[in-house]
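Student: sequence plus the predicted model coming up.
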Amino acid sequence: MDSRKSIYFHIPFCIKRCTYCDFTTYSGLEKWIPTYFHALGKEVDLAVGDELGKPKIHTIFFGGGTPSIVPAGIYDQLLKVVRDKFDLDDDLEMSLEANPGTIQDKNLSDYRHLGFNRISLGVQSFHPKELQLLGRIHNNRETIAAIQGIRASGFQNLNLDLIYGLPGQSLTDWKETLHKAIDLEPEHLSLYCLTIEEGTPLAESVKTGEIIPLGEDSSADMFELAMEELPKVDFRHYELSNWSKMKSDGVDYRCQHNLQYWRNEEYYGFGAGAHGYNHGMRVANIGNIPQFITSIKNGSTAGAARNVSKEISPLERMQDEMMLRLRLIDEGVSSAGFRSKFGIDMTEIFGEQIAELIGKDLLQWKNGGGSTLVLTNRGILLGNQVFLEFVGDD
């Protein structure tokens with residue numbers, strides 16, 4: 001088990017909230033940004049105060065929201081605190097989520113000089129009608145300008161987020177978006193099927209009949225198209241929704257931060273609405289920005305702003321291990337790794353579920369052996385059916 005941890009910072013500010021978004025995000029509250037970042041610095045200080053020594057960190061991810069609307073100078077102050085309190089790897093991966101329409105006119109080299117070395121750009125689509133449906137603020141010209149600025153500033157690790165399964169989207173529309181993304185030569189692609197979440201404007205439009213969701217079969221066709229097309233241009237499908245390039249110099253462009261989640265390893269979550277997993281506890285902070293700031297300002301412990309704190313039982317940890325690691329297409333769940341982490345073979349705990357899923361052609365032992373359990377091609381398409389088998393009462 002890797003002793004290094006990761007850090008997630010939630011930056012909940014947006015210029016405009018997207019129609020499909022159910023994350024902890026707010027528009028029109030930019031005035032809170034300086035005070036919010038000061039609170040983040042104190043939250044870091046409180047968290048490390050509970051630790052013995054400096055925790056080792058190998059990835060930092062700033063997600064949102066729209067972290068790219070925050071000036072680099074404000075990140076500078078927070079990162080000074082982070083570098084003082086944590087032991088950061090020399091090859092630290094530090095990611096910034098960004099949206100076209102918020103960064104194309106910025107001097108992105110300022111972010112680069114602060115240590116950011118990976119950008120995740122929320123493109124979502126290259127079709128104007130789809131961007132309008134999603135409530136995005138950018139157009140294709142701004143997307144290209146953003147990518148040009150990212151490259152000119154020295155970033156060599158770029159992810160593009162795309163969404164498929166949109167109402168009214170055809171397979172041809174999706175193929176066009178996919179190939180336009182490929183033509184922009186990113187190192188990584190994250191492809192997410194649209195989920196219509198309760199309480200969002202998109203969900204309300206569905207309820208009124210204004211919008212008709214796309215059928216599951218059509219969405220599945222789009223996923224299969226990506227599985228067919230991306231290997232042709234040297235993208236490796238390494239996680240259910242993620243593909244990465246492997247360059248000739250051996251650089252690994254898989255998202256190391258997200259691998260921390262999928263490998264069921266620990267991470268700190270800082271900020272309003274942020275989740276964390278540390279010392280066997282899953283925690284979550286309150287989502288309201290002013291309440292978060294006040295709680296941290298008046299707090300004396302790392303849990304000052306938490307509204308969820310749950311100790312994970314040994315069985316729950318093992319269930320999480322199966323559900324998360326099976327998302328990794330080639331890596332899967334290693335028998336040796338499971339035994340090393342939990343002191344027991346996974347077949348002693350989940351033998352019945354594994355046998356049933358193998359019988360349904362949803363799981364298989366990699367290369368016909370018994371050392372690593374992975375999804376089959378059918379299991380990749382029906383992943384949720386697999387994961388549900390590892391959910392149960394403690």
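Tutor: Cool, got the structure. Numbering: from 1, shown residues only.
Student: low-confidence ranges, the stretch 151-300 of the chain, go.
Tutor: 248 (pLDDT under 70).
Student: show me where it has its strands.
Tutor: Counting by DSSP state E, counting those that start in this stretch, the stretch 151-300 of the chain has these strands, from start to end: 158-164, 188-193, 235-239, 242-245, 267-270, 275-278, 281-285.
Student: out of the ones you listed, nearest to residue 325?
Tutor: strand 235-239 (10.2 Å; CB to CB). Yep, even glycine has a C-beta here, placed from its N, CA and C like the rest.
Student: tell me the contacts of residue 3?
Tutor: Neighbouring residues of residue 3 by CB atoms under 8 Å, 6 or more residues apart in numbering: residue 56.
Student: so it, which of the three states?
Tutor: coil (DSSP: H, G, I helix; E, B strand; the rest coil).
Student: distance-wise, check residue 172 relative to residue 164.
Tutor: Distance, residue 172 to residue 164, by CB to CB, to the nearest Å: 12 Å.
Student: neighbour count: those two, which is higher?
Tutor: residue 164 (25 against 8; other CB atoms under 10 Å).
Student: neighbours around the nearest residue to that one once chain neighbours are set aside, how many?
Tutor: Leaving aside its chain neighbours, residue 164 sits nearest to residue 222 (4.2 Å; criterion: CB to CB, 6 or more residues apart in numbering). Neighbour count for residue 222, taken as other CB under 10 Å: 23.
Student: any chance you could map the helices in the stretch 1-150 of the chain?
Tutor: 33-49, 72-85, 109-114, 128-134, 140-152 (DSSP state H, counting those that start in this stretch).
Student: how about those in JSON lines, adding mean neighbour count and distance to residue 269?
Tutor: Output for the helices of the stretch 1-150 of the chain, formatted as JSON lines (neighbours: other CB atoms under 10 Å; distance: least, CB to CB, whole Å):
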{"stretch": "helix 33-49", "mean neighbour count": "19", "distance to residue 269": "10"}
{"stretch": "helix 72-85", "mean neighbour count": "16", "distance to residue 269": "14"}
{"stretch": "helix 109-114", "mean neighbour count": "17", "distance to residue 269": "21"}
{"stretch": "helix 128-134", "mean neighbour count": "17", "distance to residue 269": "26"}
{"stretch": "helix 140-152", "mean neighbour count": "18", "distance to residue 269": "26"}
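Student: so which of those helices gets nearest residue 359?
Tutor: helix 128-134 (40.1 Å).
Student: quick one: mean pLDDT over that closest one.
Tutor: Helix 128-134 shows a mean pLDDT of 90.
Student: and for it, what are the contacting residues?
Tutor: Residues contacting helix 128-134 (CB under 8 Å, 6+ apart): 18-20, 124-125, 138-140, 163, 166-169, 173, 177, 202, 211.
Student: just the CA trace of that helix, in CSV.
Tutor: Taking Å, rounded to 0.1, in the frame of the first residue of the first chain, the C-alpha atoms of helix 128-134 are listed here in CSV:
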residue,chain,number,x,y,z
PRO,A,128,-23.4,24.8,-30.3
LYS,A,129,-26.8,23.4,-29.6
GLU,A,130,-25.4,20.9,-27.1
LEU,A,131,-23.4,23.6,-25.4
GLN,A,132,-26.5,25.6,-25.1
LEU,A,133,-28.5,22.7,-23.7
LEU,A,134,-25.8,22.1,-21.1
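Student: quick one: contacts for the residue nearest the centre of the chain?
Tutor: The chain has residue 258 as the residue nearest its centroid, 5.7 Å off, counting by CA atoms, centre = their mean. By CB under 8 Å, 6+ apart, residue 258 lies in contact with 239, 242.
Student: before we move on, what about the one 4 residues further on?
Tutor: Listed by CB under 8 Å, 6+ apart, the contact set of residue 262 reads 239, 324-325, 327-328.
Student: from residue 311, how far off is it?
Tutor: Residue 262 is 22 Å from residue 311, where distance means CB to CB.
Student: residue 243 now?
Tutor: From residue 243 to residue 311 the distance is 36 Å (CB to CB).
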